[in-house]
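Chemist: Have a look at this prediction, sequence included:
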Amino acid sequence: MNEATVPCRPIVGLTFRYEPREADCVSVRALLEATGVFTAEEVGVGVSLVRERLERGLESGYYFLFADSPEGLVGLGCYGPIGCAPGRFDIYWVAVTPEFHGLGIGRELLRTCEANIRRLGGVRAYVETSSRDEYAPARALYEHNGYAVDALQRDFYADGDNKVTLVKVLI
């Protein structure tokens, strides 16, 4: 599968790119930690996806979108095809540093990930997130952008912490 990309809409002071750099292993860790939402294990997973893409290229199945300010990485999108489910993609990460919340960066990352998924033949995008209060802004972002709750798995991550799966039809 070749990478298909569409340009991001401009946001003043930001540049967008698709290719990870070695330095992103550090900057993605810092970004995810800065959100104050993700556990250390979740942060490690985010960094491991960057590492896998650097090592295996597109064969990794992970596609990225990075939003950089002059100060460094401020936003991240990551998505990829779901094995054995043609036309279905997971959106693994949409994260923005807190200092840059409210500027439309998360919405633009999500919109561009979806456009790229379409170009790769995707017809549905899935997002899995936690039901914890800290994740309410993420769930609101997805719901305000056309995602609907498709499944709820009770006590999935821990007692009282449900997995919420949202889906959007992209065609």
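Modeler: Nice, I can see it.

Chemist: elements contacting the helix or strand containing residue 48?
Modeler: Assigned by DSSP states H and E, residue 48 falls within helix 40-56. If contacts are counted by 3 or more C-beta pairs under 8 Å, 6 or more residues apart in numbering; DSSP states H and E, helix 40-56 sits against helix 24-34, strand 72-81, strand 88-96. For glycine as for every other residue, the C-beta is placed from the backbone atoms N, C-alpha and C.

Chemist: Would you point out the helix or strand in the protein whose mean pLDDT is lowest?
Modeler: strand 15-17 (a mean of 92; mean pLDDT, DSSP states H and E).

Chemist: neighbouring strands for that one, and are they parallel or not?
Modeler: If you go by DSSP bridges, strand 15-17 pairs up with strand 63-69 (antiparallel).

Chemist: Give me the contacts around the partner strand.
Modeler: Contact partners of strand 63-69, identified using C-beta atoms under 8 Å, 6 or more residues apart in numbering, comprise 3, 8, 11, 13-20, 24, 50, 53, 73-80, 96, 100, 105, 108-109, 112-113, 116, 120.

Chemist: circling back to that earlier point, between the helices and strands packed on helix 40-56, which gets nearest to residue 59?
Modeler: strand 72-81 (11.2 Å; C-beta to C-beta).

Chemist: Partner strands of the closest one, with direction?
Modeler: strand 63-69 (antiparallel), strand 88-96 (antiparallel).

Chemist: for those strands, which one sits closest to residue 143?
Modeler: strand 88-96 (13.1 Å).

Chemist: ok so, going back, I'd like the helices and strands packed on helix 40-56 as a markdown table, with mean pLDDT and mean neighbour count appended.
Modeler: Shown next, in a markdown table, are the helices and strands packed on helix 40-56 (pLDDT from 0 to 100; neighbours: other C-beta atoms under 10 Å):
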| stretch | mean pLDDT | mean neighbour count |
| --- | --- | --- |
| helix 24-34 | 97 | 18 |
| strand 72-81 | 97 | 23 |
| strand 88-96 | 97 | 23 |
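
Chemist: Generate JSON lines for those, with distance to residue 169 as supplementary columns.
Modeler: Listed next are the helices and strands packed on helix 40-56 as JSON lines, based on distance: least, C-beta to C-beta, whole Å:
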{"stretch": "helix 24-34", "distance to residue 169": "29"}
{"stretch": "strand 72-81", "distance to residue 169": "16"}
{"stretch": "strand 88-96", "distance to residue 169": "11"}
